[in-house]
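Colleague: Pasting a predicted model and its sequence here:
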Amino acid sequence: MKALVYTATKETAYRDEAEPLRGPGEALVSIEAVGICGSDMHAWHGHDPRRVPPLILGHEACGTVLEGGSPGQRVVLNPLVSCGICRFCTEGRTNLCPDRDLIGMRRPGAFGERIAIPERNLIAVPEGMDPAKAALTEPCATAWHALALAARAAWRPVAETHALVIGGGSVGLLGGLILKAWGAAEVRLAETNALRRDTAAAAGLDVFDPRQGLAPEGSYDLVFDAVGSTGTRAAAIAAVAPGGVIAHVGLQESAGAFDARTLTLSEITFVGVYTYTEADLRASLAALHDGRLGALEWIEQRPLAEGGRAFEDLDAGRTAAAKVVLRP
């Protein structure tokens, strides 16, 4: 089969790869649409020691079952492969499974024509749904999970919340749209890339360039950091109100200064967020399908064969799309 393979730092190759072998309890899925995630970009930059080239990346995928499961059924992939028997799995928190894996990390991902994946990791797609929009389920679930945790930690309901989203990629944009759908009193999105600001504004969000200043310090009840750099963590701590909540999703930088004193003295809740549960995936797919998050016209679709150029364009900030979806 043809696949886009991460071969070295800032290098990919579109080439022939071995057909995936379906093991016991697994399905063979023909990939129809797969998004480029920020973590794929992180690996491409050579910053993720867990993703060792040569490797087929990609985990935000929609396809059709060929063998196993329900052949002919269009499905979204739950890319988190967990043990299914540990304490966290039996509680429904599979994202915390100590033996979890992710397609496109240590096992082949979805930047190929086909993939083998456990049948229990397949979620049926509503009939007639555009596969490119269905492929947004994974990033949407990341934002959904983060905001659900933040809402649980917040002192007052989301409807009374003044929220700031930092980062206008797909997770940040979807986070802003989810907050609007949940009835937040105010949602603002900070993004430095002018093209992405235009995209987020067209999607109906209040967007601004944070280099011109975030807002008066302590203005927001909830801050959603979809970038995760030293700078955005500092900005989040400055922006959040006393007693507020920071949902930290992005993983751009793991090191750097961290103002724990301000968090402590102002009783700010800092919530680390990792991926999602199956419930988050199913809720996200339903919201994407029924229009609660808008028309989703901010996707850019390209052939998988041109995926290498897509990585380069994303790295250079040459695309306005919050999500580039590759089509095998």
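Modeller: Right, received. Where do you want to start?
Colleague: I'd guessed residue 207 sits against residue 194; true?
Modeller: No - the pair residue 207 / residue 194 is not scored as a contact, 10.1 Å apart, by C-beta atoms under 8 Å. To be clear about C-beta, it is placed using only N, CA and C from the backbone, and glycine gets the same treatment.
Colleague: These two: who's more crowded?
Modeller: The neighbour comparison of residue 207 against residue 194 (other C-beta atoms under 10 Å) goes to residue 207, with 21 against 11.
Colleague: Now do the same contact list for the more buried one.
Modeller: 168, 188, 189, 190, 191, 197, 200, 201 (C-beta atoms under 8 Å, 6 or more residues apart in numbering).
Colleague: Just the buried subset of the residues you listed, written out for PyMOL, thanks.
Modeller: Remark: buried members of the contacts of residue 207, expressed as a PyMOL selection using 16 or more other C-beta atoms under 10 Å:
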select buried, resi 168+188+189+190+191+197+200
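Colleague: Could you give the number of residues near residue 13?
Modeller: Neighbour tally, residue 13, other C-beta under 10 Å: 15.
Colleague: Spit out the contact partners of residue 23.
Modeller: Residues near residue 23 by C-beta under 8 Å, 6+ apart: residue 116.
Colleague: That one and residue 118, how far apart?
Modeller: 9 Å (C-beta to C-beta, to the nearest Å).
Colleague: Same question for residue 40.
Modeller: Taken as C-beta to C-beta, the span from residue 40 to residue 118 is 21 Å.
Colleague: When the two are compared, which one has more neighbours?
Modeller: Using other C-beta under 10 Å, the more surrounded residue of residue 40 and residue 118 is residue 40, with 26 against 19.
Colleague: Let me see the contact set for the closest residue to the more buried one other than its chain neighbours.
Modeller: Using C-beta to C-beta, 6 or more residues apart in numbering and skipping the chain neighbours, the partner closest in space to residue 40 is residue 57 (4.7 Å). Neighbour list for residue 57: 4, 6, 40, 43, 44, 51, 104, 109, 111 [criterion: C-beta under 8 Å, 6+ apart].
Colleague: tell me what the helix or strand harbouring the first one is packed against?
Modeller: Using DSSP states H and E, the element containing residue 4 is strand 2-8. Here strand 2-8 is seen to pack against strand 11-16, helix 38-44, strand 55-56 when contacts are counted using 3 or more C-beta pairs under 8 Å, 6 or more residues apart in numbering; DSSP states H and E.
Colleague: Including pLDDT, could the contacts of residue 207 go into TSV?
Modeller: As requested, the contacts of residue 207 are exported to TSV (pLDDT from 0 to 100):
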residue	pLDDT
168	96
188	96
189	97
190	96
191	96
197	96
200	97
201	97
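Colleague: got a pLDDT number for residue 251?
Modeller: In this model, residue 251 is scored at 81, pLDDT.
Colleague: Give the helix, strand or coil label for the closest residue to it other than its chain neighbours.
Modeller: Once flanking residues are discounted, residue 251 sits nearest to residue 228: 4.9 Å by C-beta to C-beta, 6+ apart. What DSSP: H, G, I helix; E, B strand; the rest coil gives for residue 228 is coil.
Colleague: any idea how far residue 228 is from residue 281?
Modeller: For residue 228, the distance to residue 281 equals 21 Å [C-beta to C-beta].
Colleague: low-scoring stretches of this protein, by residue?
Modeller: 214 (pLDDT under 70).
Colleague: Now do the domain split for it, please.
Modeller: 2-136+296-327, 140-272 (automatic domain parsing).
Colleague: now those domains in JSON lines, with distance to residue 290?
Modeller: Below are these laid out as JSON lines (distance: least, C-beta to C-beta, whole Å):
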{"stretch": "domain 2-136+296-327", "distance to residue 290": "9"}
{"stretch": "domain 140-272", "distance to residue 290": "10"}
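Colleague: Can you name the residues that contact residue 293?
Modeller: By C-beta under 8 Å, 6+ apart, residue 293 lies in contact with 140, 174, 177, 178, 181, 287.
Colleague: mind running it again at 7 Å?
Modeller: Neighbour list for residue 293: 174, 177, 178, 181, 287 [criterion: C-beta atoms under 7 Å, 6 or more residues apart in numbering].
Colleague: ok, the third one touching residue 148?
Modeller: Looking back up the chat, that one is residue 178. No - the criterion here is C-beta atoms under 7 Å, and residue 178 misses it with residue 148 at 9.3 Å.
Colleague: quick one: which of these two has more around it?
Modeller: Taking neighbours as other C-beta under 10 Å, residue 178 and residue 148 compare with residue 178 leading, 25 against 20.
Colleague: ok, back up a step: just checking, the residue nearest to residue 251 touches residue 252?
Modeller: Yes - taking C-beta under 7 Å as the definition, residue 228 is a contact partner of residue 252 at 4.7 Å.
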